[in-house]
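> what would the 3D arrangement of this be:
(one chain, ligands or ions: 2)
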Amino acid sequence: MEKLIIRGGNPLRGEVTISGAKNAALPILMATILPNEPVTVSNVPALHDVATTLELLHRLGISHTANSANSYTIDPTGLHDHKASYDLVKTMRASVLVLGPLLAKCGRAEVSLPGGCAIGARPVNLHIEGLRRMGADIVVENGYIKASVEGRLKGAQLLMDTVSVTGTENLMMAATLADGVTIIENAAREPEIIDLANFLNHLGAEIRGAGTDCIEIRGVERLHGGSYQVQPDRIETGTFLVAALATGGEVKCLNTAPGMLDAVIKKLGEAGAEVTRGEDWIQLKSNGRVKPVNIVTAPHPAFPTDMQAQFTALNAIAEGTGWIRETIFENRFMHVPELRRMGAEIELEGNTAICRGVTRLTGAEVMCTDLRASASLVIAGLVAEGETVIEQIYHIDRGYESIEKKLQALGANIQRAQSTIVPEGCDS
Ligand SMILES: CC(=O)N[C@H]1[C@@H](OP(=O)(O)OP(=O)(O)OC[C@H]2O[C@@H](n3ccc(=O)[nH]c3=O)[C@H](O)[C@@H]2O)O[C@H](CO)[C@@H](O)[C@@H]1O
Ligand SMILES: C=C(OP(=O)(O)O)C(=O)O
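Ligands and ions are numbered 1, 2, ... in the order given. Sure, this is the predicted structure:
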């Protein structure tokens, strides 16, 4: 086990290169089950979740060659198994994304139920319902989703009760090889859906409307190989911008995509930041004390739940009172008690965190509970007086590539060290 040790107080200054997006890379890697030829995927972030995905594919018979730390050639021709077992699925919820591709390609899939996690129950009923409507026979028994279909899945009209990102992705991947046309209504509009659709279309799929709430997929009989570059990580970008503002610094994020961050950039402006942007970069300059912001999380293009914890840390040091309402996950305020240990004044009223900004946070020993909660603790540690020790950082390594190295290059005093604390096994 490892921990991060931060001595706060240094304003972040300089340039940081943004990695490929975790939430785009994972579905794209899962989608390599679908083609009949090898595929090269680049700009893949070096993350724990990526290693888990490659291991999961390997166990199905799908081999990979690393061309570099961020590029893989994946060969699906050896696919011989259809089971994703609990020991891997429990460590990464996105594992459920094997369900649609495996069923479409092999006619069978057996995937462990991911179970609940720190931020909420996170059911997968919409994934199952959609596949059933496409003709799959699905039972849930002994903790596994067991799905099969006679011949090909059938195109269907699918209306999602709730907007679900991985639900939309699973159904879109399954529909790619289905017989006929599938329409997904009330589809998620996140940029990662567009990246997955672009990837599949590059391999010969016929998907239209990704990025809108209605996606049409005309099933094809086979997909071929190709090369594809994963889009930049909008949440990593947003996290560095918040860290720059919180520390009173000036940071330019390179290799990113400003158009995916409109809601976040708007809130950074309200918090007093001066933000400028080009085609593939965003620069943030702080303008004195942070102003409090009010935020409601909601599906894209509204404010992303994956940036909620980072803005909670920002409100903690703002000049005045701000509130944040979390509408996507029922338990995504696990960072609040930890931030309070550092001197933050935050009250929870139902799904709303009301924060009275303080003039200083103080270093403390704190514990990561999930991925973005961890990011908020890093931001708080960068601001706090004295030393902050952040434990259970395997959560942060799921989603941030070389976080301490990138922060060190911006002037932060942050070190990774060995810890004696035993992990509390939960995925996010
Ligand atoms: C790997 C990945 O891309 N993860 C992202 C994805 O997670 P994920 O795809 O798991 O999140 P969803 O969009 O599915 O969840 C949205 C809401 O729908 C509910 N729901 C979802 C599916 C279902 O079958 N039934 C149901 O009720 C969930 O409990 C939640 O309340 O989108 C989330 C919301 O933007 C992000 O926080 C995650 O970072
Ligand atoms: C919640 C997240 O990821 P996951 O869905 O993989 O748990 C996240 O990226 O913030």
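
> now residue 102: which helix or strand?
helix 99-106 (DSSP states H and E).

> got the CA positions of the next helix or strand after that helix in PDB?
Note on helix 99-106: by DSSP H and E, the next helix or strand toward the C-terminus is strand 108-112. In PDB, the C-alpha atoms belonging to strand 108-112 read as follows (Å, rounded to 0.1, in the frame of the first residue of the first chain):
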ATOM      1  CA  ARG A 108     -23.100 -15.900 -24.500                       C
ATOM      2  CA  ALA A 109     -21.800 -13.800 -21.600                       C
ATOM      3  CA  GLU A 110     -21.400 -14.500 -17.900                       C
ATOM      4  CA  VAL A 111     -20.500 -11.400 -15.900                       C
ATOM      5  CA  SER A 112     -20.300 -11.000 -12.200                       C
END
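
> near ligand 1 at all, strand 108-112?
No: Strand 108-112 lies out of reach of ligand 1 by Cβ under 6 Å from any ligand atom, never closer than 13.3 Å. Placement of C-beta: from N, CA and C, glycine included.

> packing partners for that strand?
Strand 108-112 sits against strand 83-84, helix 86-89, helix 99-106, strand 144-148, with contacts defined as 3 or more Cβ pairs under 8 Å, 6 or more residues apart in numbering; DSSP states H and E.

> so what are the sheet partners of it and their directions?
strand 83-84 (parallel), strand 144-148 (antiparallel) (DSSP bridges).

> wait, which of those strands is closest to ligand 2?
strand 83-84 (15.0 Å; Cβ to the nearest ligand atom).

> hmm, who's touching the closest one?
With Cβ atoms under 8 Å, 6 or more residues apart in numbering as the test, strand 83-84 has contacts from 56, 59, 60, 95, 98, 99, 102, 109, 110, 111, 112.

> quick check, the third one in contact with residue 79.
In this case it means residue 60. Yes: if you go by Cβ atoms under 8 Å, residue 60 and residue 79 touch, sitting 5.8 Å apart.

> mutual contacts of these two, please.
residue 33.

> and this protein, which of its residues are near ligand 1?
23, 26, 93-94, 120, 122-127, 162, 164-167, 188, 192, 305-306, 328-329.

> near ligand 2, from these?
Checking the residues of the chain next to ligand 1 against ligand 2 (Cβ under 6 Å from any ligand atom), the matches are 23, 93, 94, 306.

> nearest spatial neighbour of the third one, chain-adjacent residues omitted?
Beyond its immediate neighbours in the sequence, the residue positioned closest to residue 94 (Cβ to Cβ, 6 or more residues apart in numbering) is residue 26, lying 4.4 Å away.

> the last one now?
On the basis of Cβ to Cβ, 6+ apart, the spatially nearest residue to residue 306 that is not a chain neighbour turns out to be residue 235, at 4.6 Å.

> could I get the contacting residues of that neighbour?
For residue 235, counting by Cβ under 8 Å, 6+ apart, the contacting residues are 21, 22, 23, 304, 306, 307, 372, 399.

> quick one: which of the residues you listed is nearest residue 322?
Closest approach between the contacts of residue 235 and residue 322, by Cβ to Cβ: residue 307, at 14.1 Å.

> would you agree that closest one is in contact with residue 238?
Yes: the criterion here is Cβ under 8 Å, and residue 307 meets it with residue 238 at 4.8 Å.

> mutual contacts of those two, please.
residue 264.

> helix or strand: which one has residue 128?
Per DSSP H and E, residue 128 falls inside helix 125-133.

> which is the next helix or strand following that helix?
Using DSSP H and E, the first helix or strand after helix 125-133 is strand 137-141.

> kindly report the domain assignment for this protein.
Segmentation of the chain into domains, based on the TED database, reads 2-18+232-418, 22-229.

> pipe those into TSV and attach mean pLDDT per row.
Shown next, in TSV, are the domains of the chain (pLDDT from 0 to 100):
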stretch	mean pLDDT
domain 2-18+232-418	98
domain 22-229	97
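
> and the strands in the stretch 201-350 of the chain, which stretches?
206-208, 214-218, 226-229, 250-254, 274-277, 281-285, 295-296, 321-325, 345-349 (DSSP state E, counting those that start in this stretch).

> the stretch 51-200 of the chain against ligand 2: which residues are in contact?
That would be 93, 94, which are the residues of the stretch 51-200 of the chain within reach of ligand 2 (Cβ under 6 Å from any ligand atom).

> surely residue 71 is in contact with residue 39?
No: judged on Cβ under 8 Å, residue 71 makes no contact with residue 39 at a distance of 11.3 Å.

> which one of these two is surrounded by more residues?
Neighbour count, other Cβ atoms under 10 Å: between residue 71 and residue 39, residue 39 has more, with 25 against 17.

> so who does the closest residue to residue 239 other than its chain neighbours touch?
Excluding the flanking residues, the one nearest residue 239 by Cβ to Cβ, 6+ apart is residue 375, at 5.0 Å. By Cβ under 8 Å, 6+ apart, the contact list for residue 375 reads 239, 309, 310, 396, 399, 400.

> next: residue 165.
For residue 165, the contact set (Cβ under 8 Å, 6+ apart) comprises 23, 188, 190, 192, 193, 299.

> between those residues, which is nearest ligand 2?
residue 23 (5.6 Å).

> for residue 50, see how far away the closest one is.
Look at residue 23 and residue 50: by Cβ to Cβ, to the nearest Å, they are 11 Å apart.

> do residue 20 as well
Note on residue 20: its distance to residue 50, by Cβ to Cβ, is 9 Å.

> what touches both of these two?
What both residue 20 and residue 50 touch, as defined by Cβ under 8 Å, 6+ apart, is the set residue 44.

> out of the residues of the chain next to ligand 1, which are inside helices?
If you go by DSSP state H, the residues of the chain next to ligand 1 have 23, 26, 125, 126, 127, 165, 166, 167, 192 in helices.

> and those residues, which are buried?
The neighbour count (16 or more other Cβ atoms under 10 Å) marks 23, 26, 126, 127, 165, 166, 167, 192 as buried among these.

> residue contacts, the fourth one?
Read that as residue 127. Residue 127 neighbours (Cβ under 8 Å, 6+ apart): 96, 99, 100, 164, 166, 167, 170, 171.

> name the nearest residue to the fifth one, sequence neighbours excluded.
In this case it means residue 166. Per Cβ to Cβ, 6+ apart, closest to residue 166 is residue 97, 5.8 Å.

> ditto for the last one
The shortest distance from residue 171 to any residue that is not its chain neighbour, by Cβ to Cβ, 6+ apart, is 4.3 Å, and that residue is residue 130.

> against residue 414, how distant is the one you found?
43 Å.

> what of residue 337?
Distance from residue 337 to residue 414, by Cβ to Cβ: 22 Å.
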